[in-house]
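Asks: A predicted structure for the sequence below; I have some questions about it.
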Amino acid sequence: MTEYAGLGEVSGKRVLVRSDLNVPLEGTTITDDGRIRASVPTIRELADAGARVVVAAHLGRPKGEPDAAYSLAPVAARLGELLGRDVAFATDTVGESAQATVAALEDGQVAVLENVRFNAGETSKDDAERGAFANRLAALADAFVSDGFGVVHRKQASVYDVAQRLPHTMGGLVAAEIDVLRRLTLDPERPYVVVLGGSKVSDKLGVIDNLLGKADKLLIGGGMVFTFLAAEGHEVGKSILEEDQLDTCRDYLRRARDAGVELLLPSDIIIDTEFPSGDRRPAPGVVPSSEIPSDCLGLDIGPASAATYAKALADARTVFWNGPMGVFEVDAFAAGTKAVAEALTKVDGLTVVGGGDSAAAVRTLGFDEAAFGHISTGGGASLEYLEGKELPGITVLEES
Ligand SMILES: Nc1ncnc2c1ncn2[C@@H]1O[C@H](COP(=O)(O)OP(=O)(O)O)[C@@H](O)[C@H]1O
Ligand SMILES: O=C(OP(=O)(O)O)[C@H](O)COP(=O)(O)O
């Protein structure tokens, strides 16, 4: 087989693959390689078809110039291990190293370019600046495969503009992600339960607007909780709070009541006096969610809430979960996330886990990935899809 679906013959061609290899790192140690694993099948398929595969990706949010802390070098090494073959690494993205590395590729070989975000053009809001960088990326290849699902909601040079400059197609990972998410937006089997948590509260509140017309139950956990509790007039102490979203949350609570959607907030909260950090020993306590002391902050949903949420999930036929219920990275605040993950494994129906941290939580808490219907590689991307927003990295493939 020397073809790739949507591109035709790829043998001997230089194929630029945009992957999402944005994995959590401690120093140069990868703490969860899920996104690299998810990127392997497309890269392998292209290499097996005889393509000269050039992988472009970002890591973190460097400021448009080289920054060793965000080098993709350790990621390229891990990709090589997972592929079971040598992976060349270019120490720049479109400069001399990239050009020489790509020129040296033989059929079936793979190279990774240094972090695309080391170039200001990648994330520029200026079309011409992005376009100029996209021209240089496109000059390294004969065709483009868009496979970085976690980044398709970004209008960035290696995601959007490059697709306008090369013959292109959607990679297998993006196609599979979209396929599952489409099932959630079109005709989810009911009851359809959505669980929302995490800390990117303002990013995520918007999805509730759309879900109020779609889901049967919405379970709120993580940092999301406190803006809702404050909207109901409760003290939330030092917990995460989006003051400018209080009216929005009040509106959601009212609309949920009117629409007969069960919007569940935790009845109890695990608190501490400080955010866990360094050597400080956590000193968790449990309080009713209406009684968070002013000098404390909420760090997990409490045991009664965890049991209620597990019960609310028991009869679900479709579940979408984004965002941990608490600061799961610390044992003392991981129980809520564990309880929700456990409940999902028992659901008789489609379960989708979305988001870098949610997916990492499932794996690091020891759950078997196979117990979930689908673990998405994109948090923001999957939420924006469910919100009905246009994803630039997808529309560009359809338009040009
Ligand atoms: N009550 C809370 N207060 C502060 N941070 C929280 C709370 N609950 C969860 N978190 C944090 O939220 C982070 C994940 O949030 P987010 O990035 O929104 O999720 P995802 O990557 O799955 O979309 C985790 O690092 C977790 O520690
Ligand atoms: O980690 C990512 O998104 P996610 O946290 O929404 O899953 C993607 O790699 C996108 O990264 P960005 O949000 O810096 O553009």
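Replies: Yep, it's here. Ligands and ions are numbered 1, 2, ... in the order given.
Asks: got the residues of the stretch 301-400 of the chain near ligand 2?
Replies: 355-356, 378-380 (C-beta under 6 Å from any ligand atom). Quick note: C-beta positions are derived from backbone N, CA and C, even for glycine.
Asks: can you redo those residues as a markdown table with secondary structure?
Replies: Output for those, formatted as a markdown table (DSSP: H, G, I helix; E, B strand; the rest coil):
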| residue | secondary structure |
| --- | --- |
| 355 | coil |
| 356 | helix |
| 378 | coil |
| 379 | helix |
| 380 | helix |
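Asks: can you count the residues close to the closest residue to ligand 1 within the stretch 151-300 of the chain?
Replies: Proximity to ligand 1, evaluated over the stretch 151-300 of the chain using C-beta to the nearest ligand atom, is greatest for residue 198 at 2.5 Å. Using other C-beta atoms under 10 Å, residue 198 is surrounded by 23 other residues.
Asks: please apply the same query to residue 125.
Replies: Other residues close to residue 125 by other C-beta under 10 Å number 7.
Asks: next: residue 329.
Replies: With other C-beta under 10 Å as criterion, residue 329 counts 16.
Asks: may I ask which helix or strand encompasses it?
Replies: Take DSSP states H and E as the rule and residue 329 turns out to sit in neither a helix nor a strand.
Asks: what does stretch 138-146 contact?
Replies: With contacts defined as C-beta atoms under 8 Å, 6 or more residues apart in numbering, stretch 138-146 is touched by 4, 7, 10, 13-18, 42, 46, 54, 94, 98-99, 102, 113, 152, 159, 162-163, 165-171, 174, 393, 397.
Asks: so which of the residues you listed belong to strands?
Replies: Those of the contacts of stretch 138-146 mapping onto strands are 4, 14-18, 54, 168-170, per DSSP state E.
Asks: which of those residues sit farthest apart?
Replies: Across the ones in strands among the contacts of stretch 138-146, the longest distance by C-beta to C-beta is 18.7 Å; it joins 14 and 170.
Asks: compare the two (neighbour count), which wins?
Replies: A count of neighbours by other C-beta under 10 Å puts residue 170 above the other of residue 14 and residue 170, at 23 against 19.
Asks: any idea how far ligand 2 is from the more buried one?
Replies: Residue 170 sits 17 Å away from ligand 2, taking C-beta to the nearest ligand atom, to the nearest Å as the criterion.
Asks: returning to what we had before: the residues of the stretch 301-400 of the chain next to ligand 2: which ones sit near ligand 1?
Replies: Okay, of those touching ligand 1 (C-beta under 6 Å from any ligand atom), that's 355-356, 379.
Asks: no further queries at this time; thank you.
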